[in-house]
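Colleague: Here's my sequence, what's the structure:
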Amino acid sequence: MSETDRICVGAIAGAFGVRGEVRLKSFCSSPEDIALYAPLYTEDGARSFTVRLTRPVTGGLGARLSGISSKEEADALKGVTLWADRDRLPSLPDDEFYHADLIGLSVVDTGGAPLGTVRAVHNHGAGDILEIFAPGRRQALLLPFTRAAVPTVDLAAGRIVADPPEDLE
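Modeller: Model prediction:
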């Protein structure tokens, strides 16, 4: 499978308890849905896990992953991202997008002038922000992913039309 056939749905925050349970951070809109998308894969696809949620824990969900039975094995997975096959995920409404679909899109302004390419999507709690990289620019353009700043996302054409606030350009 190519990496675009999988979407990052969570990460392992570390061990929870002594019997191999992990603390799972879910990136799903309904956190518990992460278990529905199993098997979940490591980013390189080398390992896969079935997931059984055990209980809510501070900062995430307690879970058992197949093949993990000790605290040491669970600790060794800390920081590992978990990826689900795209076809196991729900379809999104027209105005919602998986971050993986936005990365790599070209960005133009409302007059068609190129602004760069989406390199990453960040969310620090106040909404998504597109990190746009342009050759020759000293630093990335950080653009709020709002309807006002990003009126058009055309996945089929592989581009975003942006109307950045003047103080960002």
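Colleague: Alpha carbons of the helix or strand harbouring residue 7, in PDB - could you do that?
Modeller: Secondary-structure assignment from DSSP states H and E places residue 7 in strand 6-15. Output in PDB follows, covering the C-alpha atoms of strand 6-15 (Å, rounded to 0.1, in the frame of the first residue of the first chain):
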ATOM      1  CA  ARG A   6      -3.400   5.000   5.000                       C
ATOM      2  CA  ILE A   7      -4.300   7.800   7.400                       C
ATOM      3  CA  CYS A   8      -2.800   8.500  10.800                       C
ATOM      4  CA  VAL A   9      -5.500   8.000  13.400                       C
ATOM      5  CA  GLY A  10      -3.600   8.000  16.600                       C
ATOM      6  CA  ALA A  11      -0.400   7.600  18.600                       C
ATOM      7  CA  ILE A  12       0.900   5.600  21.500                       C
ATOM      8  CA  ALA A  13       1.600   7.800  24.500                       C
ATOM      9  CA  GLY A  14       3.300   5.100  26.500                       C
ATOM     10  CA  ALA A  15       2.600   2.200  28.800                       C
END
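Colleague: ok, then the element right after that strand?
Modeller: Counting by DSSP H and E, what follows strand 6-15 is strand 22-26.
Colleague: hmm, who's touching that following strand?
Modeller: Applying CB atoms under 8 Å, 6 or more residues apart in numbering, the contact partners of strand 22-26 are 9-16, 32-34, 51, 53, 57, 59-65, 68, 74, 77, 82. All C-beta atoms are positioned from the backbone trio N, CA, C, and that covers glycine.
Colleague: now with 10 Å?
Modeller: 9-17, 31-35, 37, 40, 49, 51, 53-54, 57-65, 68, 71, 73-75, 77-78, 80-82 (CB atoms under 10 Å, 6 or more residues apart in numbering).
Colleague: mind checking how far residue 7 is from residue 166?
Modeller: 34 Å (CB to CB, to the nearest Å).
Colleague: So in this structure, where's the weakest helix or strand by average pLDDT?
Modeller: Across the helices and strands of the chain, mean confidence by mean pLDDT, DSSP states H and E is lowest for helix 99-102: a mean of 87.
Colleague: I'd like the next helix or strand past that one.
Modeller: Next element after helix 99-102 (DSSP H and E): strand 106-109.
Colleague: any idea how far that following strand is from the chain center?
Modeller: Chain-centre distance of strand 106-109: 21 Å, with CA atoms, centre = their mean, to the nearest Å.
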